[in-house]
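J.: Pasting the sequence and the predicted coordinates here, then a few questions.
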Amino acid sequence: MFFDAIARNMQFLTALSAALSVSAAIILVSWPYLQRDQLSARMAHVAAERERIRIRERGRLNNRNAKVSLRHEPKRLFKEIVDRLDLSKQAESDDLALMLRQAGYRGRGPIIAFLAIRHIAPIGMLLLAALYVFVLLNVQQPLAMKLLIVAVAGGSGFYAPKLYIKNRITKRQAAIRRSWPDALDLLLICVECGMSIDSSFRKVAEEIGLQSPELAEELSLTTAELSYLQDRRRAFENLGDRTGLEGVKAVVTSLVQAEKYGTSLGQSLRVLAQENRDMRMAEAEKKAASLPPKLTVPMILFFLPVLFVAILSPAAISYLGLH
């Protein structure tokens, strides 16, 4: 009876492992098809941003007295929280605005929302942790330990918004970095065909949109700024600041020098495209080299037990059959 129970358990474990493996394979294969395509929304946002820039610059050139707002107005609740807590000085911080722009959030509205959420989140996390610790879970721990858990949860609520923004910046920069060499190749082709920088940026933004909506958005905004800003150098520098990538800043430097001295861009773009492609290859090789150590723990936890079950099950069944 004991061996029969072992055999049944091994068969159950084998079937369970096979089911989990099949489920994981199905999810892995279907995951790319489940992701939503946000290209249309991003390009619509770029078009709206371009229109707001046009309105602002036209109003300034015509010396209108009324101020034309470029950005979305912040939500009333967030604005009241910022006003009551006297966070206006923090809202004017250039570093905060730059960090949000690098994450893809532009205007005063996201700044107000970030500051408000950063002060609301600790209170919400504190109340939620207290509800779970003292009421729902009823943790069997001393009162001091419970209060420490609640305090840690409240403190994490203060840093959670910034961590979210940092994560968004990292993902956005990774997406731009992957597509930047291809964008430089397209830009080189456009420039050597005799197109202007403005037309080249617009064409590259249209072509690179399916591969990297983030990069297409930045290039489209740069095109809009080149059309309406009086200082074209500022438009190029804004591109480097919004991305925060060294490869983009190097291209921006070449573009500024070409605008200032009238030098040719062809050779510079060719060299920079090759350098960025080499950097992308080096990063891929670095990730590939770090893959075996990362796979060690998953193999020990998931692959080896299933392998042992698959190898030992026939021998165990044969042994039980003989007895």
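T.: Yes, it's here.
J.: need the contact list for the residue lying closest to I81 once chain neighbours are set aside.
T.: Distance criterion C-beta to C-beta, 6 or more residues apart in numbering; nearest residue to I81, sequence neighbours excluded, is A116 at 4.3 Å. C-beta: built from backbone N, CA, C; applies to glycine. Going by C-beta atoms under 8 Å, 6 or more residues apart in numbering, A116 touches L77, F78, K79, I81, V82.
J.: how close does A91 sit to A144?
T.: Distance, A91 to A144, by C-beta to C-beta, to the nearest Å: 38 Å.
J.: more neighbours, the two?
T.: A91 (18 against 8; other C-beta atoms under 10 Å).
J.: number of nearby residues for the closest residue to the more buried one other than its chain neighbours?
T.: Once flanking residues are discounted, A91 sits nearest to I111: 5.2 Å by C-beta to C-beta, 6+ apart. Applying other C-beta under 10 Å, we find 25 residues neighbouring I111.
J.: Quickly note the distance from I111 to G262.
T.: I111 sits at a distance of 39 Å from G262 (criterion: C-beta to C-beta).
J.: In this protein, what residue spans correspond to helices?
T.: 2-34, 39-61, 76-84, 88-91, 94-102, 108-131, 143-192, 197-208, 213-228, 232-243, 246-261, 266-289, 291-298, 304-322 (DSSP state H).
J.: Quick one: those as JSON lines, columns for distance to L137 too.
T.: Formatted as JSON lines, those follow (distance: least, C-beta to C-beta, whole Å):
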{"stretch": "helix 2-34", "distance to L137": "29"}
{"stretch": "helix 39-61", "distance to L137": "40"}
{"stretch": "helix 76-84", "distance to L137": "30"}
{"stretch": "helix 88-91", "distance to L137": "36"}
{"stretch": "helix 94-102", "distance to L137": "36"}
{"stretch": "helix 108-131", "distance to L137": "9"}
{"stretch": "helix 143-192", "distance to L137": "10"}
{"stretch": "helix 197-208", "distance to L137": "50"}
{"stretch": "helix 213-228", "distance to L137": "41"}
{"stretch": "helix 232-243", "distance to L137": "44"}
{"stretch": "helix 246-261", "distance to L137": "48"}
{"stretch": "helix 266-289", "distance to L137": "39"}
{"stretch": "helix 291-298", "distance to L137": "29"}
{"stretch": "helix 304-322", "distance to L137": "31"}
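J.: and E80, how many neighbours does it have?
T.: Neighbours around E80, by other C-beta under 10 Å: 13.
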